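> Dropping the sequence and predicted coords here.
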Amino acid sequence: MSAKPAYVVMIRERMTDPDEFEQYRQLAPKARGPHNIVPLAFYGAQQVLEGPPAEGTVVLKFDSVDAARAWYDSPAYQEALVHRLKGADYRVIIVEGV
């Protein structure tokens, strides 16, 4: 039986340092490396139905939860992450698909 797909949902609550976030924006694509990532949504127009509004949302599809964690925990993404954490407040969730 094959693994279920997984989705990384990144919700930007607010930008705190645009310069740090720009460094993240430059480094994050380099973290793709060998990881099979399919962007499903990338800061597109939003309609908030419940809860507080978000500044932006990203949804990335991975082959499995393990694959999503391998990308997130990779040295290349961790290098970029330092700048995202300094540049904006986010909620990041991995959810297993069906």
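That came through fine. Bear in mind the structure is a predicted one, so any value in this text is a computation, not a measurement. Numbering: from 1, shown residues only.

> measure the closest residue to Asp66 other than its chain neighbours to Ala68 for me?
What sits nearest to Asp66 in space, not counting adjacent residues and going by Cβ to Cβ, 6 or more residues apart in numbering, is Ala3, at 7.1 Å. Backbone N, C-alpha and C define where each C-beta goes, glycine included. Distance, Ala3 to Ala68, using Cβ to Cβ, to the nearest Å: 11 Å.

> OK, contacts around Val48?
Ala54 (Cβ atoms under 8 Å, 6 or more residues apart in numbering).

> How is it assigned, secondary-structure-wise?
Judged by DSSP: H, G, I helix; E, B strand; the rest coil, the three-state class of Val48 is coil.

> separation between it and Val8?
Here Val48 is placed at a distance of 20 Å from Val8 (Cβ to Cβ).

> likewise Pro18?
As judged by Cβ to Cβ, Pro18 and Val8 stand 23 Å apart.

> For these two, indicate the residue with more neighbours.
With neighbours defined as other Cβ atoms under 10 Å, Pro18 and Val8 compare such that Val8 has more, 20 against 11.

> Where does Ala3 sit, in terms of helix or strand?
Per DSSP states H and E, Ala3 falls between elements, in no helix or strand.

> Ramachandran angles for the residue nearest to Asp66?
Backbone torsions of Ala3, given as degrees, to the nearest 10, read phi -70, psi 150.

> related to what we said a few turns ago, which one of Ala3 and Ala68 has more residues nearby?
Ranked by neighbour count (other Cβ under 10 Å), Ala3 and Ala68 place Ala68 first, with 22 against 13.

> Then the more buried one would be within a strand, right?
No: using three-state DSSP, the assignment for Ala68 is helix, not a strand.

> The residue lying closest to it once chain neighbours are set aside - how many residues pack around it?
Excluding the flanking residues, the one nearest Ala68 by Cβ to Cβ, 6+ apart is Phe62, at 4.0 Å. For Phe62, the neighbour count with other Cβ under 10 Å is 23.

> could you list every residue that touches Phe62?
Contacts of Phe62 (Cβ under 8 Å, 6+ apart): 5-8, 35-38, 68, 71.
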